[in-house]
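Novice: return atomic coordinates for the entry below.
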Amino acid sequence: MEESIATPVAEKVVERLFTLIERHVGYLWNYRSNISDVTQQIEKLSDGRVRMQQSVDEANRQGDEVFPDVEKWLSRAKKMIKETDKFIADEREANRGCFHLKLRYQHSKKAKKQAGDIVTEIQEAENLIKKGVARRPPPHGIGFSSREKTFNQIMEALRDDSIMMIGVWGMGGVGKTTLVLQVAKQAKEEKLFDTMVMASNISQTPNVTKIQGEIASILGLKLEEKDEPARAVRLSRSLEKRKKILVILDDIWEPISFETIGIPYGSDKHPKGYCKVLLTSRVHEVLSKDMGTHKDFHVQHLCEEEAWILFQNTVGDSVEKPELQHLATEVVKKCEGLPIAIVTVAKALKGESVSVWSNALEELRRAAPTNIRGVSKNVYSCLELSYNHLESEDVKLVLLLCGLLGNDDISLDDLLKYVMGLDLFDYMDSLEKARDKVVTLVKILKESSLLLHVVEDKQIYSKPPSLYFVAEEGNEYVRMHDVIRDVARSIASKDPHRLMVNKDISLEGLVCPKLELFLYDNYYVSLRIPDTFFQEMKELRVLCLSAPNLAQLPSSLQFLSNLRTLCLHEYRYSSSLKDIAMVGELKKLQILSFVGYKLEKLPESMKQLTDLRMLSLRHCQASIPRNVISSLSQLEHLCLRNISYRWDQEREGVEGGERIAWFSELKNLSRLRALEVDISDLDVLPEDASFDNLTRYDIFIGYQSVWDVRKNTSRGLKFKKVKGPHLVSCFSRLFKTIEVLDLSLLDDVEHFVNELDCYGFLHLKYLSVDWSDALQYIMNTTMEMECVDPPPSTCFPLLEELMLTKLNKLEAVCHGPIPVGCFVNLRVMIIERCHSLKCVLEHLQEAQ
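Specialist: Below is the predicted model:
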């Protein structure tokens with residue numbers, strides 16, 4: 001009996017033992033096939049990962065959302081490929097030595113397991129691709145069911161040819177603009193219209209010229225006419241030539257005339273099609289009764305569930321804590337389902353303690369009534385709470401300033417001038433430091449959702465591009481939501497005698513002894529200032545007047561002993577300003593800016609402005625006495641742009657021409673860091689012209705600047721008919737930091753880099769060279785760089801755009817081997833009418 005039981009047990013043990021031995025011996029026996037198999041499988045996985053990554057890249061380009069499991073697979077595959085490649089490399093290295101039985105066994109066993117794991121990943125990749133790697137996301141801000149229904153209804157109305165005017169209305173901050181932008185995006189994808197244009201922030205006081213400019217900008221139409229009716233006719237004629245048009249006017253408060261703007265509404269004026277109009281407003285009656293919309297859609301507040309989801313997504317997981325849940329629920333109720341209130345409050349309270357939440361709720365419960373049209377007391381208190389929770393008085397005052405600066409996009413260049421004048425920042429001893437502070441505070445306000453990015457591709461502004469705030473960094477202009485602007489103005493009005501901005505204010509009888517900032521902005525109404533107007537405003541620090549026909553400064557200006565910023569702008573460029581001698585008596589002045597005036601003479605008294613940091617003259621005519629510039633010992637930024645200037649005894653006879661004396665005065669300005677200037681001819685510059693300390697510059701020689709010419713950079717040179725040796729002697733220091741270089745009629749340089757900057761233009765991003773009969777190569781790496789030792793390791797490492805036009809002797813962009821790292825960022829290369837060209841770039845692999 002015992003034998004009959006033991007026999008089958010022994011057989012099973014032997015069988016299992018034999019199987020185990022066979023498997024382990026198999027690792028040795030199948031060593032080469034296992035290594036070969038894992039090598040083949042990892043190649044398949046690598047190919048699969050490339051295909052998957054291409055699908056993901058395409059999804060990202062289309063704005064689709066990639067599924068999380070796809071991202072995880074790509075990460076796992078990348079790690080597996082790296083580990084397997086290392087294993088195969090180690091195995092090959094081990095085979096070069098003596099035969100090692102144990103090592104072969106280990107490698108074969110590992111290869112067998114890895115091959116199996118790889119096959120599993122390959123199969124999963126095939127399943128993922130079958131299901132799709134991404135999905136088209138719902139429009140931003142329309143993910144809630146209440147928004148999706150309205151969105152779909154508006155789209156149906158746009159598809160209906162019988163509906164010509166559509167209205168979208170709702171409380172300020174409810175999301176009308178966001179919804180309409182998504183509607184426009186969907187209409188574009190469906191190709192419902194041949195042309196779509198939009199004018200935003202129409203506001204309570206529509207600026208017809210601005211609206212016309214925004215629409216014309218999108219159409220690529222240049223409106224050179226000054227008066228609105230003529231501009232309207234041109235705009236209408238341009239639109240009438242198009243078939244199906246959609247015009248969006250965002251945030252209208254009162255009835256607005258399409259004809260005055262130049263919008264050919266309807267189908268009567270369109271032999272080829274029609275022009276639909278989509279309007280948004282806080283007030284339903286403005287749309288349905290005053291404008292006569294054919295169909296209106298109400299954007300309602302978020303329901304309680306949707307409001308909580310938005311609040312939770314913004315504030316984070318902290319609201320899940322038991323001690324915060326009740327407080328958070330009550331706070332959300334106070335936001336009344338308004339997205340702008342929900343987001344700003346959530347960001348203000350994110351990461352705060354229970355006591356801060358409790359106090360915030362109490363503040364919201366004490367909400368006082370508000371007289372702001374379309375803004376309830378609870379919403380007002382929500383936004384006021386966000387204001388109160390800002391971390392410093394500096395950032396609060398910047399927010400109030402932004403709220404006061406009109407209804408248009410806000411120029412950070414202007415903001416810098418104002419905060420410098422108000423002496424907002426303690427211990428700021430330079431414009432550059434103040435600029436950095438402005439950027440920091442604006443960033444805080446953006447992160448709090450109290451300021452917005454300007455996202456349009458193209459904007460029409462009445463101001464030149466900034467040297468301090470670069471557009472590509474998102475720093476040149478910001479925008480404020482209309483509800484936040486209204487609340488900011490309401491808060492500022494509680495101290496009305498400190499800050500004042502108005503377009504329609506009457507200056508007669510106005511007495512504000514505590515006023516610190518006064519901005520008058522009206523391009524269309526001539527300004528007449530009573531002679532005694534400023535006599536009682538001795539605390540005034542910032543004065544900016546933008547108005548036509550200001551013929552004379554009032555004598556009471558001399559009483560402004562605390563004035564630090566003075567801006568006098570006339571954008572029609574037609575007014576003469578007489579006798580500005582009293583400006584020199586404003587000895588605390590730090591910012592002085594003139595635009596568009598014919599000045600008889602800069603006064604000798606300006607030599608007393610020894611604390612002046614910025615002097616800007618744009619589109620002016622002026623006589624400038626000798627030694628005025630050199631007397632401004634604290635000057636950091638000098639702008640002489642599009643100037644018809646004369647100097648008293650300004651030209652000194654020299655051999656071969658005359659030289660402008662004022663450049664010699666620059667060497668006395670040890671603090672000068674920013675220079676914007678137009679010069680007719682480089683030959684008139686003195687030999688001792690100095691640019692060594694400049695960190696920001698925009699210099700035109702042989703040209704007058706045009707606002708839209710300069711790239712979004714802070715260091716650029718544009719020269720015409722300039723000799724190579726003169727370039728090197730005057731600007732070699734700047735070539736080491738330059739970002740934009742435009743050269744025309746350069747007739748004595750054969751090898752661009754070798755002769756102009758042996759260091760290789762290491763910061764240059766945009767290069768344009770045209771009309772040269774001498775230039776043979778941009779780079780010649782077969783020549784030794786005699787000017788520097790050791791020679792540079794690379795050239796043009798940051799170059800993004802290269803334009804070469806009418807270079808009759810150009811044979812190649814690079815002659816000889818291309819240095820490592822050269823042209824690796826090149827995105828655009830345009831070569832025209834270079835008839836001697838033999839090759840462009842040899843051995844170049846990374847430029848696209």
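Novice: how about the contacts made by Ala184?
Specialist: Applying Cβ atoms under 8 Å, 6 or more residues apart in numbering to Ala184 gives the contacts 196, 198, 246, 248. Any C-beta I mention is one placed from the backbone N, CA and C, and that applies to glycine too.
Novice: got it, and Ile245?
Specialist: 193-197, 239, 264, 270, 273-276.
Novice: let me see the mean pLDDT of the helix or strand harbouring it.
Specialist: Using DSSP states H and E, Ile245 maps to strand 244-249. Here strand 244-249 scores 92 as its mean pLDDT.
Novice: over to stretch 157-170?
Specialist: pLDDT averaged over stretch 157-170 gives 92.
Novice: and that stretch, what's buried?
Specialist: For stretch 157-170, burial by neighbour count (16 or more other Cβ atoms under 10 Å) applies to 157-158, 164-170.
Novice: now do the SS call for the residue nearest to Lys222 when sequence neighbours are not counted.
Specialist: Nearest non-adjacent residue to Lys222, counting by Cβ to Cβ, 6 or more residues apart in numbering: Ala216, 7.1 Å away. Judged by DSSP: H, G, I helix; E, B strand; the rest coil, the three-state class of Ala216 is helix.
Novice: residues in contact with Ala216?
Specialist: Here Ala216 is in contact with 222-223, 231, 235, 238, 460 (Cβ under 8 Å, 6+ apart).
Novice: of these, closest to Cys544?
Specialist: Ile460 (20.9 Å; Cβ to Cβ).
Novice: which stretches of the stretch 351-500 of the chain have low pLDDT?
Specialist: 367-376, 406-407, 455-463, 471-475, 495-500 (pLDDT under 70).
Novice: need the strands for it, in chain order.
Specialist: 410-411, 452-453, 477-479, 499-502 (DSSP state E, counting those that start in this stretch).
Novice: what does the stretch 501-650 of the chain give?
Specialist: According to DSSP E, counting those that start in this stretch, the stretch 501-650 of the chain carries its strands in the segments 517-521, 542-546, 565-569, 575-577, 591-595, 597-599, 614-618, 621-624, 637-641, 644-647.
Novice: which one of those strands lies closest to Lys718?
Specialist: Nearest of these (Cβ to Cβ): strand 637-641, 12.5 Å.
Novice: now that closest one and strand 591-595, what's the angle there?
Specialist: Angle of strand 637-641 versus strand 591-595, following axes from the mean of the first three to the mean of the last three Cα atoms, to 10 degrees, is 10 degrees.
Novice: which strands and helices lie in contact with strand 637-641?
Specialist: Strand 637-641 sits against strand 614-618, strand 674-679, with contacts defined as 3 or more Cβ pairs under 8 Å, 6 or more residues apart in numbering; DSSP states H and E.
Novice: partner strands of the following helix or strand past the last one, with direction?
Specialist: Towards the C-terminus, the helix or strand next in line after strand 674-679, according to DSSP H and E, is strand 696-701. The strands that strand 696-701 pairs with in its sheet are strand 674-679 (parallel), strand 715-720 (parallel) (by DSSP bridges).
Novice: could you dump strand 696-701 to PDB, C-alpha only?
Specialist: C-alpha atoms of strand 696-701 as PDB (Å, rounded to 0.1, in the frame of the first residue of the first chain):
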ATOM      1  CA  ARG A 696      18.400  98.000 -24.200                       C
ATOM      2  CA  TYR A 697      18.600  99.700 -27.600                       C
ATOM      3  CA  ASP A 698      16.700 100.300 -30.800                       C
ATOM      4  CA  ILE A 699      18.900 102.300 -33.200                       C
ATOM      5  CA  PHE A 700      18.000 103.200 -36.800                       C
ATOM      6  CA  ILE A 701      20.700 104.700 -39.100                       C
END
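Novice: residues making contact with it?
Specialist: So strand 696-701 is contacted by 467-468, 637, 673-682, 691, 705, 710, 714-720, 722, 734 (Cβ under 8 Å, 6+ apart).
Novice: of the contacts of Ala184, which pair is most distant in space?
Specialist: That would be Met198 and Leu246, which, of the contacts of Ala184, are the farthest apart (Cβ to Cβ) at 8.6 Å.
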